[in-house]
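Trainee: need a structure here:
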Amino acid sequence: ERHQRFGEVAFLLEPELKEGRGGLRDVQARIAVARATPVVDVEEGRALVGPNEVLLAARVELHRRAGKPADRLLLQEQDAVAAALGYSDADVLMRAVSAAARTIAFEGDDAWRRVRSWLAGPGGRGAGGDRPLGAGLALRDGSVVLTPDADLNDRSLLLRVAAAAAMVDAPLDAATLDRLAGSAAPPGDPWPDEARHALVALLGAGPALLPVVEALDQRGLLARVLPEWTAVRSRPQRNAYHRFTVDRHLWEAAMEASALARQVARPDLLLVAAWLHDLGKGYPGDHTVAGVALISRIGARMGFDAADVDVLVKLVRHHLLLADAATRRDLSDEATIAAVADAVGDQTTLELLSALTEADSKATGSTAWSPWKAELVHELAARTSNFLADGGGQPDDERRPFADAVVARARATLGGGAPVHVETAWPELVVAARDHAGLFAELAGTLSLHGLNVLAADVWTSDDGVAVDWFRTESAFGTEPERDALGGDLAAAVEGRLPLDARLVERVRMYAGRRTAAARRAAPRVVVDNEASGRATLVEVRAPDGIAVLYRITRALADLGLDVRHAKVATLGAEVVDAFYVVDNAGGKVPPSRRQEVQRAVLTALGGPA
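Mentor: I've put the predicted structure just below:
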């Protein structure tokens, strides 16, 4: 209650040095806890001596200047207090105050967590043994731990453990932090795909990410993941418009962006851009110019392809564009709209920039996203979207030559009587088969049976009826499946000899108790759109990830007599963002009279409200 009332000393523009979270009162509370319980060592409190002195000196100087008790370090007092205490300027003072308060808050949280665990006793710390959270990770006694066999040379481990903790809203175990700080490998250059996926999952976890990233930051692990982060750590923004330090503002922007992720086609790019859009504030010169150079290098290092890096660069370069144009330009003037359209270039970037503008504004402060400003930004985005509109069409088929090559190789296999042609290059898998209604569902269900989570998928169909289905997978068990067994089951599924529904129900039952729910699970959302394509109906699905989600969606579509002609499937953290271009038995779009039927069927299959 005290922390909620007075806020966080480390991140606020005008911190309350005594009663705020990470303030002097918390130092006193930790000393008292150490004296009263056996689980907090008094000697551990030595880590708080320096931070306590920083805050105490600032508070004493405030009292001296005011001639009375005064605990809130107001903006107008910061320059004088800094000079009196020997700091070169107020920014240096406030950075020292922030760093001190962060240490106090972190150590206090750790102490109270141990006390609660001690008071709860063994029976209150969670039933059963370890709950697996991925390769080398488990949930134990309410904390995320590294298992003994965790590979500390795994360049994705740091981000995977952070994402796992945030997604189950659990703290990182102290011994695990010690192991990570001592030996965990950085992601390197370029990052492995698993590290990038884990970062997106972490950023998409919402408020649960804060204690996790703070724990990493206290142990120097954020800088190991992203060395450029050091420049903005605890960096103050001394103006009344911003309520947080730069680093906390970026985390707040990522959290706000996570709530908007379902509104955009590329939530991964939105989340990364929100997290890094102000990184340039830690570097000399204009922060946007510096930020563009940084995101170009960092995006490539993270493993984004050149096209995605270009989008990230645009988002950082223009992260103030919509807010500035909406509030400072005539929106009825076509020149305004044309200039914005020229800057963003395409609908996807516009959609992302609109969401980034909202996330950035909400993270800045209460005055930065008023109903009036929101209305103006949305109007500008709508006008720009209309300006850019070109009538839609099928998604770009950049990988069509790849699909054609697979079809050429598959013809001999299929012509010899085999039901499927399978090519593997783990974690990727390509299956070619004679196209028929339900094929995609049969393949997706079989992959799920073998413990393969589908992270991405694409579908192509040749003119002579050979379907090519490409999957990027991740093993739930951390090992590759047995290829012959998988190939046999894929063939059996395509021929109708594999009881997929019954087998998958059993798999869900077996693993229901071992899976830990994400901290936040929003209801599924299904959109059926006949305007997005000239030849097919777009069925867009956003839903929490889970066992056989892709199978359930595509089975529902097949049961309605709809054929998937093209698909874009992505698993981003705990979310699936899937788009299916479907046609009916006559090869046409879904009639308007059936659109609600399709929506209800998919929602029912996902267990959401129909």
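
Trainee: now P592: closest residue in space that isn't a chain neighbour?
Mentor: N530 (7.1 Å; CB to CB, 6 or more residues apart in numbering). All C-beta atoms are positioned from the backbone trio N, CA, C, and that covers glycine.

Trainee: okay but that neighbour is in contact with R594, surely?
Mentor: No - look at N530 against R594 with CB atoms under 8 Å: they stay out of range, at 10.5 Å.

Trainee: and the strands in the chain?
Mentor: Taking DSSP state E as the test, the strands found in the chain are 131-134, 137-140, 143-146, 421-425, 428-434, 452-461, 466-475, 525-529, 537-544, 563-572, 575-583.

Trainee: V505: which of these is closest?
Mentor: strand 452-461 (17.8 Å; CB to CB).

Trainee: so how far is L48 from the residue nearest to L380 when sequence neighbours are not counted?
Mentor: Distance criterion CB to CB, 6+ apart; nearest residue to L380, sequence neighbours excluded, is A326 at 4.4 Å. Applying CB to CB, to the nearest Å, the value for A326 to L48 is 46 Å.

Trainee: which strands or helices does the biggest helix by length in the chain pack on?
Mentor: In the chain, taking DSSP state H as the definition, the longest helix is helix 90-120. Counting contacts by 3 or more CB pairs under 8 Å, 6 or more residues apart in numbering; DSSP states H and E, helix 90-120 is packed against helix 24-36, helix 49-66, helix 75-84, helix 209-218.

Trainee: work out the gap between the helix or strand bottoming out on mean pLDDT in the chain and the centre of the chain.
Mentor: Lowest by mean pLDDT, DSSP states H and E among the helices and strands of the chain is strand 563-572, with a mean of 75. Remark: strand 563-572 is offset 20 Å from the chain centroid, using CA atoms, centre = their mean, to the nearest Å.

Trainee: could you do stretch 378-391 as well?
Mentor: 27 Å.

Trainee: what sits up against that stretch?
Mentor: 322, 325-326, 331, 334, 336-338, 340-341, 344, 346-347, 350-351, 353-354, 534 (CB atoms under 8 Å, 6 or more residues apart in numbering).

Trainee: for E44, what are its contacts?
Mentor: A34, E107.

Trainee: got a pLDDT number for it?
Mentor: pLDDT, E44: 73.

Trainee: for T424, same thing?
Mentor: On the pLDDT scale, T424 gets 89.

Trainee: from R301, how far out is the residue lying closest to it once chain neighbours are set aside?
Mentor: Distance criterion CB to CB, 6+ apart; nearest residue to T424, sequence neighbours excluded, is R483 at 6.2 Å. Applying CB to CB, the value for R483 to R301 is 33 Å.

Trainee: the more surrounded of those two?
Mentor: Higher neighbour count among R483 and R301: R301, with 17 against 12, using other CB atoms under 10 Å.

Trainee: isn't that one up against A195?
Mentor: No - applying CB under 8 Å as the test, R301 and A195 come out as separate, 10.2 Å apart.

Trainee: joint contacts of those two?
Mentor: Going by CB under 8 Å, 6+ apart, residues that sit against R301 and also against A195 are P187.

Trainee: quick revisit: redo the strands of the chain as CSV? Include mean neighbour count and distance to A601.
Mentor: Compiled in CSV, the strands of the chain are given as follows (neighbours: other CB atoms under 10 Å; distance: least, CB to CB, whole Å):
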stretch, mean neighbour count, distance to A601
strand 131-134, 20, 32
strand 137-140, 20, 35
strand 143-146, 22, 37
strand 421-425, 16, 30
strand 428-434, 21, 24
strand 452-461, 21, 19
strand 466-475, 22, 22
strand 525-529, 17, 9
strand 537-544, 23, 10
strand 563-572, 22, 14
strand 575-583, 22, 12
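
Trainee: for G220, see how far away L180 is.
Mentor: Counting by CB to CB, the gap from L180 to G220 is 10 Å.

Trainee: comparing these two, which residue is more hemmed in?
Mentor: L180 (24 against 11).

Trainee: hmm, that one is touching A162, no?
Mentor: No - with contacts counted by CB under 8 Å, L180 stays clear of A162, the gap being 9.3 Å.

Trainee: list residues touching both of the two?
Mentor: L216.

Trainee: which residues sit against stretch 478-494?
Mentor: With CB under 8 Å, 6+ apart, stretch 478-494 has contacts from 134-136, 418-420, 422, 424, 426, 431, 433, 439, 442-443, 445-447, 449-452, 475, 498, 500.

Trainee: how about stretch 592-606?
Mentor: Outside stretch 592-606, the residues touching it (CB under 8 Å, 6+ apart) are 524, 526-528, 530, 537, 539, 541, 543, 549, 552-553, 555-557, 559-560, 562, 590, 609-610.

Trainee: residue at max distance from the center of the protein?
Mentor: Distance from the C-alpha centroid of the chain, by CA atoms, centre = their mean, peaks at G67 (48.7 Å).

Trainee: great, nothing more from me.
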